[in-house]
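Peer 1: Can you look at this prediction? I've put the sequence above it.
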Amino acid sequence: MDIVTFGETMVLFTPDTTGLMRYANTYTRKFGGAESNYAIGLTRLGHEAGWISRVGNDELGKAMLSFIRGEGVDVSQVKFDATAPTGLYFKELRSPTEVRVEYYRKGSAASQMSKADLIPEYISKAKYLHISGITPALSDSCYEMVLEAIKIAKEHSVQIIFDPNLRRKLWSEEKARKVLLEIAAQVDIILPGLDEGTFMFGETDPEKLGELFLQHGPSIVVLKVGAKGAHYFTKEESKLVPGFEVKQVVDPIGAGDGFAAGFTSGLLNGFSIEKAVQRGNAVGAMVTMVSGDVEGLPEEDEVERFINAPTEDVSR
């Protein structure tokens, strides 16, 4: 197994019309969740990924599991929970440039996850353990699960990648900052956005944020700065890797997960950090061009073609 990740995936309903959702009558059903988006992104790029979670023992949960399995992700560690439902969320497209997301996940099956859902042997065989900052916000048992996963990974020398994925609606800012910093201090690689770094340290300058993160614990820091690309920082070097031009952003949701998948794919392929960040930028950009959280995630040949000729509209 190349990577193991864990967290909540929900059923996504998107109105077939733009504007206020109160006027929508028909919806398209899809699935989305930061961790499974990331896992699917990696399988599209030719890697082995495993996802640990719980889903409701309901039709939506069964459909979701079938979908993620169909994308090539190992779901052998996913459990059906007969006592709690599968979570839902709605993506309201107010305008081409404004997207609002509403979650209905309190008490969901995934929020019931605990450290009892972790099998050390499963994590020990991975090259990387991926953690997002969403999972510890779901419940106290999920928070304890994150700490246990970190402990297991460290015991087996599995590298830990952390994407803070700040969700302000899930917890108080004080608790979010405390927990995100606690996790950041224990991981090997961290992938914050500039706004998340500012939230965690109260600093807005990318160079200073890179230094603060390195002092805090991780040996590799990749700070995403939107369309400009991403800075990377190690003790030896730092550099801004430019992003790719996107003519029209169709749906920005999932771009960060795509970036994380592309960057991890680069590391798994033995790329330099700079080249891995470039691949992350490319995958993140490609995700924004397609509606849906995972629909725009590219395969290996597509991302290479995009990096080498990003302005070509037709492949012949």
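Peer 2: It's in.
Peer 1: any idea of the mean pLDDT for stretch 246-261?
Peer 2: For stretch 246-261, the mean pLDDT works out to 85.
Peer 1: An error on my part: the question was meant for stretch 296-306.
Peer 2: 93.
Peer 1: Got phi/psi on Phe306?
Peer 2: phi -70, psi -40 (degrees, to the nearest 10).
Peer 1: so how far is Met289 from it?
Peer 2: 10 Å (Cβ to Cβ, to the nearest Å). In short, each C-beta sits where N, CA and C put it, glycine included.
Peer 1: same question, Gly70
Peer 2: On the measure of Cβ to Cβ, Gly70 and Met289 end up 23 Å apart.
Peer 1: And for Ser95?
Peer 2: 17 Å.
Peer 1: So for Gly70 and Met289, which sits in the more crowded spot?
Peer 2: Using other Cβ atoms under 10 Å as the criterion, Gly70 and Met289 rank with Met289 on top: 16 against 10.
Peer 1: okay, that one: pLDDT?
Peer 2: The model's pLDDT for Met289 equals 86.
Peer 1: Check whether it really touches Gly296, as I assumed.
Peer 2: Yes - using Cβ atoms under 8 Å, Met289 is in contact with Gly296, at 5.8 Å.
Peer 1: in the protein, what spans have low per-residue confidence?
Peer 2: 96, 310-316 (pLDDT under 70).
Peer 1: Tell me where the protein has helices.
Peer 2: Listed in chain order, the helices of the chain (DSSP state H) span 34-44, 59-70, 120-124, 135-138, 140-155, 173-184, 194-201, 206-216, 255-268, 273-288, 300-308.
Peer 1: Can you lay out these as TSV showing distance to Ser238?
Peer 2: Output for the helices of the chain, formatted as TSV (distance: least, Cβ to Cβ, whole Å):
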stretch	distance to Ser238
helix 34-44	24
helix 59-70	36
helix 120-124	31
helix 135-138	28
helix 140-155	26
helix 173-184	18
helix 194-201	14
helix 206-216	6
helix 255-268	16
helix 273-288	10
helix 300-308	22
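Peer 1: between those, which one is nearest to Phe80?
Peer 2: With Cβ to Cβ, the closest approach to Phe80 among the helices of the chain belongs to helix 59-70: 6.5 Å.
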